[in-house]
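Chemist: need a structure here:
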Amino acid sequence: MLTPNNQNIIIQEVNDHTITVNVNGEIQEIQNQLSEVKNLLQNFKTPTIQYAEKIYNIEHIDEANFGFVMGKKSFNELLTKRLIEVIAPYSSDAQKVLDYVTKNQVADWESQAKFAKKAKEIIAYSLVGVLGVQFSKLIAIGNEENTDAKQRKYIEKCLYIAKRSLDLIEFTLLSTLWDFQKQGFRPISPAQSQLIQAFFTRSFEPGFRENLHFLQNLQTLLTENQIPFPFPEVANFADYLAESHPFHQACLQMQALSNALDKENYTLLECSEAEKNLATFFEYVGFLANYKMASIKHIGYKHSRNTTPHYLHRYASLGIDNKANIDAEKYNYTPKTVATDAVLIYQGDNYQKSINLFPFVIDYNSLTFENGVKICFFHSLHISDSSLDYIFLEDNSVYNIVFENISAENPDFNELIADKEKHKIFNLDNVVVGFQEAQTNILGKVETPQDDFEGMFS
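Modeler: Reported below is the predicted structural model:
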């Protein structure tokens, strides 16, 4: 393949110090430096160079991504360094890493295996619940052999982590608004009401730009009604959501990367951009490392004569803990109860003081009496019948929940609960009921649904 000016410049081999290039059939060796590559292309009056069947324009390469493309920097190095810095205020383990490398003046510690491995483990068990698991998957992708498939998976996972982070923040704000409205309904402006109703009736997952606009309106709505933020840090989001802010720009860049994936137009440069933008994104949502998630699996009641009543909570602590356990099941014997079939987000160790994310986030396995955890996020209404589609975070598969109204067909509640299959349907019916209740409680009387979530931002 010839580049402009009929100069065929191909990188054949790269090592730590040199780059071997083929220039129109002639083999040359230059130093592994961006300045050397630029000088070579300038001498031959061409702006592009080929490497591993990909064409790169030198105008798109800077010192940061040059090391990534030429193998000097590995996948996840930049992200690891910046995330450790971001979560340090919330993680004593992350702070220990920073203290050590600073005290011992360890340069480029993120590229040294003994530091980087431990740092990545800390990030995985520090990020809230399901996000930590997704980060561990990103690390695994980064360790794979470099192929086109790896590049695509890496970009997709970076975008996925950012999307699910925005979802989690939005679901928490909506749940907080719902709890507030149940205490005493306050009217919402027509524009805000229309936007929230569009969320409840959407047929497609929104893009980054749409998510930013929705988040901005939720932030404004809670501020105007003096509703305490579930995440105090979200109070600053009015600044972050301004179009010129780095957070906003990082989200728009990730939307552009999503478009590039759709067109199969990506290279190692896009991998570098995805990592860089995700790192910038977490500079402003890194506070999520200060929170935890739990799935309440079952609550039993025990009250013996002459004793104080207690509840036995069986729950899954979501995410990865510092012993590398994933979604570890735990028990708590306490005089206090908590919502059942719930996925909670909370701060510290007290999950009983939490925000209930149901029905925006559900544990499908808990509802259907299966072992393990299957955390699903609300995705959209099914385009054909307005049933609910949920995305299973583990593999991005879709679970559709249809309202069967089984309690109307089985008015004997004891009989309904005794039949395991009917009980499953009853639980899934409650997801739909909860979703409809959230819509009604937040907005008041709901008129004919308007399925125009995307149109709100055109």
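
Chemist: and the strands in the protein?
Modeler: 9-14, 18-23, 26-31, 48-51, 54-57, 291-302, 310-320, 326-334, 343-347, 354-356, 361-363, 375-381, 388-392, 397-401 (DSSP state E).

Chemist: those strands: which one's closest to Asp167?
Modeler: strand 375-381 (5.4 Å; Cβ to Cβ). The C-beta positions use only the backbone N, C-alpha and C, and glycine is treated the same way.

Chemist: pull out the buried residues from the closest one.
Modeler: Of the residues in strand 375-381, 375-381 count as buried by neighbour count, 16 or more other Cβ atoms under 10 Å.

Chemist: what do you get for stretch 292-301?
Modeler: Within stretch 292-301, the residues scored as buried using 16+ other Cβ under 10 Å are 292-297, 299.

Chemist: okay, those residues in TSV with pLDDT next?
Modeler: Formatted as TSV, the buried residues of stretch 292-301 follow (pLDDT from 0 to 100):
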residue	pLDDT
Lys292	95
Met293	95
Ala294	96
Ser295	95
Ile296	94
Lys297	93
Ile299	89
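
Chemist: ok, residues contacting the helix or strand bottoming out on mean pLDDT in the chain?
Modeler: One helix or strand of the chain scores below all others by mean pLDDT, DSSP states H and E: helix 63-69, with a mean of 76. By Cβ atoms under 8 Å, 6 or more residues apart in numbering, the residues outside helix 63-69 that reach it are 34, 37, 51, 56, 61, 72-73, 75, 78, 267-269, 271-273, 275-276.

Chemist: try 6 Å
Modeler: Applying Cβ atoms under 6 Å, 6 or more residues apart in numbering, the set of residues contacting helix 63-69 from outside is 34, 73, 268-269, 272.

Chemist: now tabulate those in CSV and tack on distance to Glu233.
Modeler: Below are the contacts of helix 63-69 laid out as CSV (distance: Cβ to Cβ, whole Å):
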residue, distance to Glu233
Leu34, 37
Lys73, 30
Leu268, 33
Leu269, 32
Ser272, 28
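
Chemist: return the member of those nearest to Ile401.
Modeler: Ser272 (39.2 Å).

Chemist: how close does the closest one sit to Cys158?
Modeler: According to Cβ to Cβ, to the nearest Å, Ser272 and Cys158 sit 10 Å apart.

Chemist: again with Ile227
Modeler: 32 Å.

Chemist: now do Glu270
Modeler: Taking Cβ to Cβ, one finds Glu270 at 10 Å from Cys158.

Chemist: so which of the two has more stuff around it?
Modeler: A count of neighbours by other Cβ atoms under 10 Å puts Cys158 above the other of Glu270 and Cys158, at 27 against 21.

Chemist: list the buried residues for the least confident helix or strand of the chain?
Modeler: 65-69.

Chemist: got it, and stretch 23-33?
Modeler: By neighbour count on 16+ other Cβ under 10 Å, the buried set for stretch 23-33 is 23, 32-33.

Chemist: from those, which single one is nearest Phe403?
Modeler: Using Cβ to Cβ, Asn32 comes nearest to Phe403 of those, at 61.1 Å.

Chemist: so what's the backbone phi/psi at the closest one?
Modeler: phi -80, psi 70 (degrees, to the nearest 10).

Chemist: what pLDDT does the closest residue to Glu243 other than its chain neighbours get?
Modeler: Closest residue to Glu243 apart from its sequence neighbours, by Cβ to Cβ, 6 or more residues apart in numbering: Gln249 at 7.8 Å. pLDDT, Gln249: 96.

Chemist: again with Gln7
Modeler: Gln7 is assigned 69 on the pLDDT scale.

Chemist: tell me how far Glu210 lies from Lys96.
Modeler: For Glu210, the distance to Lys96 - Cβ to Cβ - is 40 Å.

Chemist: when those two are compared, which one has more neighbours?
Modeler: Between Glu210 and Lys96, counted using other Cβ under 10 Å, the more crowded position is Glu210 (22 against 13).

Chemist: for Lys150, which non-adjacent residue is spatially closest?
Modeler: The spatial neighbour of Lys150 that comes closest, neighbours along the chain excluded (Cβ to Cβ, 6+ apart), is Glu144 at 4.7 Å.
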